[in-house]
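Colleague: No letters, just coordinates:
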């Protein structure tokens, strides 16, 4: 009711106070102020409450949110609410805050000031209660579908990211058994669970399609021929894959992508497929014991689920035009494990990838843009993390310091200088596990220098000035460079 239509007996309402009544399912589109007076640790409830004010109406230009109870302490929920993204993947939330207007749908705009951004980034780094969020998302999706959802259902319906679920539970089977308890009837063996764990850890992220496409086929066929598969790849993805890449993919599906002896002992009996040569053509076939296990329909369904999610992620994130025909996609995020995977290393070399790693003709520089400071009075740096002067001068020029003790004549420095291709990967802080791929770079110059370690000893280093092949996106550069300390942010 408009104020002009009011009578002595009937006046329009200025405020409505409710408890557990107007959280969801009620659209009073004219609401232009939401006052929060009760705490909630549920992002879903918070988003529903905030959403009461986010409906458009004639004459409504903005909405004011007043939070008197401190729900803003979970600041990561704000970009989740505004973007409509329910994946709860920290990288996705950061991406929304970084890019803001470029990802919000329609003609709407959103702006986070620098203090708000940094408080949100800090909140993202410290997300708590993820298992409760996963449970709420599962129950909501199950009620909507009328059945037990699988990982692909979460992905296709824009719910919590399957990788977040796997990060918490290792396998979807373990999650189902936890949440459904005795009512869940899909039983699998210990060996089948190991296979699901290994594949979820290795190929679910979808950073490349080879293993996924092979597994997709051997789930339904005894034998597949490499030449035919190469033709299918060329037609589907637009590029030719070498036989060596398929051979490496087979090794991955044989449980060999491990980082240490403990993982080897755990996964060494996985071996799902074999490869051999018949006349002039290679063929891939599934081993007998794997074929027998595929008779377990629940195991088969979860394998198919991993394949479907992995291929969907690849098509959405990694099949776009790549940087200089590289296997890496500019500004996507990769772990050190992903680099080992994509470079056909044969096993996970992430434990040996620190500031620099040379792999054949390629060299990879891994940078944490903001280093933590040592809290001990007698130390300048946290042990193992000297304060390297790694910094962007502008969108193209980056300065990077070599490891302490690696001077300009060292094999370490020469490995960087002599590489055919040089790649830069950066994360903002240690709160992030993955790195943004910033592309390839050329070296402008290298100069010798010294740096004092925690023992007061001067050590040789080399100072690099490099130029990227592509200018860094402004929003991403601002994100990496922003560094407002908590003590500088005064409570409002």
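Modeller: Nice, thanks for sending it over. Keep in mind it's a predicted model, so treat the numbers as computed, not measured. Numbers count the residues shown, from 1 in each chain.
Colleague: pLDDT below threshold where in the stretch 201-350 of the chain?
Modeller: Along the stretch 201-350 of the chain, the parts satisfying pLDDT under 70 run over 278-280, 320-325.
Colleague: Okay, strands next: where are they in it?
Modeller: Using DSSP state E, counting those that start in this stretch, the strands of the stretch 201-350 of the chain run over 223-225, 273-278, 281-286, 333-334.
Colleague: looking at the ones you listed, which is buried most?
Modeller: With neighbours taken as mean count of other CB atoms under 10 Å, the strands of the stretch 201-350 of the chain reach their highest mean count in strand 333-334, at a mean of 22. Every residue, glycine included, has its C-beta placed from N, CA and C.
Colleague: which strands and helices sit next to it?
Modeller: strand 435-452 (3 or more CB pairs under 8 Å, 6 or more residues apart in numbering; DSSP states H and E).
Colleague: Can you mark which positions in the strand it packs on are buried?
Modeller: By neighbour count on 16 or more other CB atoms under 10 Å, the buried set for strand 435-452 is 435-441, 446, 451.
Colleague: got a list of what the residue nearest in space to the middle of the chain touches?
Modeller: Nearest residue to the geometric centre of the chain (CA atoms, centre = their mean): residue 91, 5.0 Å. By CB atoms under 8 Å, 6 or more residues apart in numbering, the contact list for residue 91 reads 333, 432, 434.
Colleague: would you turn those into TSV with distance to residue 189?
Modeller: Output for the contacts of residue 91, formatted as TSV (distance: CB to CB, whole Å):
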residue	distance to residue 189
333	35
432	36
434	33
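Colleague: Kindly indicate which of those residues lies nearest residue 351.
Modeller: Residue 351 lies nearest to residue 434 out of the contacts of residue 91, by CB to CB, at 16.0 Å.
Colleague: ok, and the closest non-adjacent residue to that closest one?
Modeller: Excluding the flanking residues, the one nearest residue 434 by CB to CB, 6 or more residues apart in numbering is residue 333, at 4.0 Å.
Colleague: and the one you found, what are its bridge partners?
Modeller: Beta-bridge pairing of residue 333 under DSSP bridges involves residue 436.
Colleague: so what's it up against?
Modeller: Counting by CB under 8 Å, 6+ apart, residue 333 has contacts 91, 434-437.
Colleague: Quick one, which of those has the minimum pLDDT?
Modeller: Minimum pLDDT across these is recorded for residue 91, with 77.
Colleague: State the distance from that one to residue 219.
Modeller: Using CB to CB, to the nearest Å, residue 91 is found at 30 Å from residue 219.
Colleague: What of residue 175?
Modeller: Relative to residue 219, residue 175 is positioned 22 Å away (criterion: CB to CB).
Colleague: Counting neighbours, go ahead and name the busier of the two.
Modeller: Just comparing residue 175 and residue 219: by other CB atoms under 10 Å the higher neighbour count belongs to residue 175, 20 against 15.
Colleague: Disregarding residues adjacent in the polypeptide, which is nearest to the more buried one?
Modeller: Using CB to CB, 6+ apart and skipping residues adjacent in sequence, the residue nearest residue 175 is residue 169, 4.1 Å away.
Colleague: Quick check, that neighbour in contact with residue 177.
Modeller: No. Taking contacts as CB atoms under 8 Å, residue 169 lies outside contact range of residue 177: 9.2 Å.
Colleague: if we can go back for a sec, could you report the separation of the residue nearest to residue 434 from residue 425?
Modeller: Note on residue 333: its distance to residue 425, by CB to CB, is 9 Å.
Colleague: okay, and the common contacts of those two?
Modeller: Common neighbours of residue 333 and residue 425 are listed as 435-437 (criterion: CB under 8 Å, 6+ apart).
Colleague: Give the buried residues for stretch 299-317.
Modeller: For stretch 299-317, by 16+ other CB under 10 Å, it's 299-300, 302-314.
Colleague: now swap in stretch 233-250 and tell me
Modeller: Quick answer for stretch 233-250 (16+ other CB under 10 Å): 233, 241, 245-246, 248-250.
Colleague: For residue 41, give me the pLDDT.
Modeller: Looking at residue 41, its pLDDT stands at 67.
Colleague: quick one: the strands in the stretch 351-492 of the chain?
Modeller: Going by DSSP E, counting those that start in this stretch, the stretch 351-492 of the chain shows strands at 356-359, 362-368, 391-392, 397-401, 421-427, 435-452, 458-468.
Colleague: Many thanks, have a good one.
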